[in-house]
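> Need the 3D shape of this:
(one chain, ligands or ions: 1)
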Amino acid sequence: MSLLAQPFRLPCGATLPNRLCKAAMTEGLADEQLRATGRHVELYRRWSEGGAGLLVTGNVMIDRRVLERPGNVAIDPAPTDAESMRRLREWAKAGTSAGNHLWMQISHAGRQSPRYVTGEPMGPSAVQLELLGNYARPRALREEEILDFIQRYARVAVTAREAGFTGVQIHAAHGYLLSSFLSPITNQRTDAWGGSLQNRARMLIETIRATRKAVGADFPVGVKLNSDDFRKGGFSHAECLQVVEWLNAEGLDLLEISGGTYEQPRLLGFDGKAGSKAEEPQRESTKKREAYFLDYAVAIRKIAKMPLMVVGGFRTRAAMEATLAAGECDVIGLARPLCTHADTPRQLLAGEMAVAPAFEKTLKLGPGKLFSGVSPVFLFKILHVLGTQGWYYQQIAHLADGGREPLQRSVIGAFFAYLWDEYTTAFRMRRARRAAKTGA
Ligand SMILES: Cc1cc2nc3c(=O)[nH]c(=O)nc-3n(C[C@H](O)[C@H](O)[C@H](O)COP(=O)(O)O)c2cc1C
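Sure, this is the predicted structure:
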C-alpha cells in the first residue's frame, strides 16, 4: 500500500486520513471588514474534495492593522462578532466536507506588512525590510504589546476551534513576527525578549504554551518554522536545531519545516538579492534534491520528538513515497500544485499522477522569447519572483471563482495584475475603515 495513503495519528489523539497536506497559501479573499467570504467557502470545498488529509489555511491575522496582504482574514478582536463567526463556520464546514483536517494558520506579519497596508509595521526592533521601498520602518514593540499578542494567538486559536477548524498552526517562519523575533538581525532587543537564543525564542515558546493551554490537550497545535533564514548573521540552522530541542517539551502535534524570508525567498526555491553579500549560497546537495529543505529536515528529525512535515519543492510521487519510506518525515507538504489543480492529492494518492504540476519551472516572463527564463539582473529577478507569486495568487482567486482550467497569463501580465489587485483591495479596505469610523 502507498505510504502516502496511510493515516497518521497525532500526539493529541486526532488522526490525519493520509500523509498529504496542502500547505498554507494566503488567499487574499477577505471582504472589506477582513471577514471570510463565499470565495473561501468555494475554494476550500474544492481543496477538501481534492483529497489532502490536512489543509492549512493561509495567514489568518491576529492584528487587523498589520496584515501580510490586504485581503487577509483577520480575527481581531477575538472572540469575534456573530456574523464573522458565522462566516468562519461556513469556511470550516466547507474545508472539512470530505472528512479531512483543516487547520487555521495564525499569524502576525510583523515588519513584513507592505506600505499599502500600513505605514506603521511592528517588530522586535526598528529594523526595516529593504525591498523596493515597499516596507516602512517598523516600530519596536513594547513588552505589554508582546504579552498582548501572545494572548491574541491563543484567543484566535480558541475562535478557530469554536468555528469548526480542526487544528491550528502557529506561523513562526518566513520572517513574519515570531520568525523575526528568532533572528539576531531583526531582533536587537536587550530585554528578556532579545539577545540570547533563549530570549529570542521566548515569544514563540510562550505563544505555544498559551495556545495549548487555551485549546486543551486534545486539539492539534502545529508550528511552521524556518530550518534556516539563509541570511548571514540571521537565524541559523544550528539555532533551529536548538529551538527544536526546546519545542520537544511543548506537546506539538506537527512541526512544518520551511526556510527563508522576503529578503531571501528560499521558501519558494528562489535565491535572494543577486550577488548580495548577505546571502548564503545554496548547498549543492540542496540543489540536487527535489524537496529543497529535506537535508535540513533530516538533521532536525534526529532531534525532534514531535511529528515532522516538510514543504517546498515536492513534485514527484516517487520522491514523496521515498521520503516517507526513509522515515525522513511523517507528512508531505504541497502548495503550488494545488493552485492550478485542486485535486492533485487525490490523483497522487490514487496513483493516477506521477508528477504534480510545476508551472513555476516553465512560466515565461513575457510573451514570446523576449524575456524568457530568469534574468540575472536584480530587478528582473524581483519581477520574476513577484510575478510568479502573483501568478499563483491569481490561480487561487480563479479556483475560488469556480475556474476549471488554469488562467493563461505570462509572469509580466501576472505582475501587473498583482499590483493592481493589491492596491485596489488596499484602497477599498481603507475606504471601508474610514466609512466605519465616520459612520457613513
Ligand atoms: C501563492 C502562495 C501563497 C503562500 N502563502 C503562504 C502563507 O500564507 N503562509 C505560509 O506559511 N506559507 C505560504 N506560502 C508558502 C507555502 O506554504 C510553501 O511553503 C511554498 O510554496 C513551498 O511549497 P511548494 O513548493 O509545494 O509550493 C505561500 C506560497 C504560495 C505559492
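
> Would you check that residue 396 makes contact with residue 336?
No. Contact criterion Cβ atoms under 8 Å: residue 396 and residue 336 do not qualify, at 10.1 Å. From N, CA and C alone the C-beta is placed, and that goes for glycine too.

> tell me which parts of the stretch 201-350 of the chain are close to the ligand?
224, 258, 267-268, 311-314, 334-336 (Cβ under 6 Å from any ligand atom).

> Okay, now the unreliable bits of this structure?
Residue ranges of the chain with pLDDT under 70: 271-281, 284-288, 365-378, 440.

> If you count neighbours, what's buried in the helix ranked longest in it?
Criterion DSSP state H: the longest helix present in the chain is helix 411-438. By 16 or more other Cβ atoms under 10 Å, the buried positions in helix 411-438 come out as 411-415, 417-418, 421-422, 425-426, 429.

> ok, now stretch 245-252?
Quick answer for stretch 245-252 (16+ other Cβ under 10 Å): 247, 250, 252.

> Let me see the ranges of the helices in the stretch 101-250 of the chain.
Assigned by DSSP state H, counting those that start in this stretch, the stretch 101-250 of the chain shows helices spanning 143-163, 177-182, 197-200, 202-215, 237-247.

> among the ones you listed, which is the most enclosed?
By mean neighbour count, with neighbours taken as mean count of other Cβ atoms under 10 Å, helix 177-182 ranks first of these at a mean of 29.

> where exactly do the strands run in the chain?
Secondary structure of the chain (DSSP state E): strands located at 8-9, 15-16, 20-22, 54-61, 73-74, 101-107, 122-123, 139-140, 167-172, 221-226, 254-258, 308-310, 331-334.

> Now distance to residue 383 and mean neighbour count too, for those strands, in JSON lines please.
Formatted as JSON lines, those follow (distance: least, Cβ to Cβ, whole Å; neighbours: other Cβ atoms under 10 Å):
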{"stretch": "strand 8-9", "distance to residue 383": "40", "mean neighbour count": "15"}
{"stretch": "strand 15-16", "distance to residue 383": "38", "mean neighbour count": "18"}
{"stretch": "strand 20-22", "distance to residue 383": "27", "mean neighbour count": "28"}
{"stretch": "strand 54-61", "distance to residue 383": "23", "mean neighbour count": "27"}
{"stretch": "strand 73-74", "distance to residue 383": "28", "mean neighbour count": "26"}
{"stretch": "strand 101-107", "distance to residue 383": "26", "mean neighbour count": "26"}
{"stretch": "strand 122-123", "distance to residue 383": "27", "mean neighbour count": "27"}
{"stretch": "strand 139-140", "distance to residue 383": "30", "mean neighbour count": "14"}
{"stretch": "strand 167-172", "distance to residue 383": "26", "mean neighbour count": "28"}
{"stretch": "strand 221-226", "distance to residue 383": "25", "mean neighbour count": "27"}
{"stretch": "strand 254-258", "distance to residue 383": "23", "mean neighbour count": "29"}
{"stretch": "strand 308-310", "distance to residue 383": "29", "mean neighbour count": "25"}
{"stretch": "strand 331-334", "distance to residue 383": "26", "mean neighbour count": "25"}
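
> Turn those strands into TSV, including distance to residue 282.
Formatted as TSV, the strands of the chain follow (distance: least, Cβ to Cβ, whole Å):
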stretch	distance to residue 282
strand 8-9	31
strand 15-16	31
strand 20-22	25
strand 54-61	26
strand 73-74	34
strand 101-107	26
strand 122-123	27
strand 139-140	32
strand 167-172	23
strand 221-226	15
strand 254-258	15
strand 308-310	17
strand 331-334	20
